[in-house]
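Colleague: based on what follows, work out the 3D shape:
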Amino acid sequence: MRKILVIISIFLIVVSAVVTAYVLFNYDKDLVDLNSIKTDSKYENVTYDKAENVFDEGVVGILEIEKIGLKATVKEGTTNNILKEYIGHIENTASYDGNIGLAAHNRGNKYSYFARINELEEGDILIYTTKFYTRKYVVDKIAVVFEDDWGLLRPSEENKLTLITCIANKKNQRLCLQATQLT
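Modeller: Numbering: from 1, shown residues only. Presented below is the predicted three-dimensional model:
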């Protein structure tokens, strides 16, 4: 019995050490410099015109960003199945008025819609169409945040559009762009 307890204790120590090492060496404690984020060379000139002008079957909108040649359908949710084919509307964010959160892949996927959002700058225009309206938004904030920092998705009295995608080789960091509706 004592031998089994010793083996279990050693096993738990080894597992604890592996988990600790993984966390220490795989978790980026410092945010990446915004200027160091580059478009993956496979996507440098990629454009998407894949919007379906039908608002049914979970389709909630169409996002257009002329500067990077993007026009794509937004579906409700951020599951892997949705993000394979669409931009996803982040659950628990506004659907029409307030702060609308959208997420998409930026590489390694058939449709990496946000592959070029790092090319956007403050002042660039985004157009978001729903079955109720078409609104223009101007980019006014670009930030790198940790994956558990949801501050830019907080509800807002202003109409905002917040785009979020991952950052290559920084699995715990996200690139976020926020735009405010033009009046």
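Colleague: could you list the domains of this structure?
Modeller: 1-30, 31-181 (automatic domain parsing).
Colleague: quick one: the strands in the chain, in order.
Modeller: 48-50, 59-65, 70-76, 87-89, 99-103, 125-129, 134-146, 160-167, 170-181 (DSSP state E).
Colleague: least confident of those strands, on average?
Modeller: Lowest mean pLDDT of the strands of the chain: strand 48-50, a mean of 82.
Colleague: what is the distance between it and the centre of its chain?
Modeller: Relative to its parent chain, strand 48-50 has a centroid offset of 18 Å by Cα atoms, centre = their mean, to the nearest Å.
Colleague: so what strands line up beside it?
Modeller: Taking DSSP bridges as the criterion, strand 48-50 forms sheet pairs with strand 70-76 (parallel).
Colleague: which residues does the partner strand contact?
Modeller: Applying Cβ atoms under 8 Å, 6 or more residues apart in numbering, the external contacts of strand 70-76 come out as 47-52, 58-64, 82, 85-89, 91, 102, 104, 111, 113, 116, 128. Quick note: C-beta positions are derived from backbone N, CA and C, even for glycine.
Colleague: what's the most buried one of the domains of the chain?
Modeller: domain 31-181 (a mean of 17; mean count of other Cβ atoms under 10 Å).
Colleague: now the end-to-end length of that one.
Modeller: 28 Å (Cα to Cα, to the nearest Å).
Colleague: what of stretch 31-43?
Modeller: Start-to-end, stretch 31-43 (Cα to Cα) is 24 Å.
Colleague: if you average the pLDDT over that stretch, what comes out?
Modeller: Averaged over stretch 31-43, pLDDT sits at 84.
Colleague: how far is that stretch from where the chain is centred?
Modeller: Centre-to-centre, stretch 31-43 and its host chain are 14 Å apart (Cα atoms, centre = their mean).
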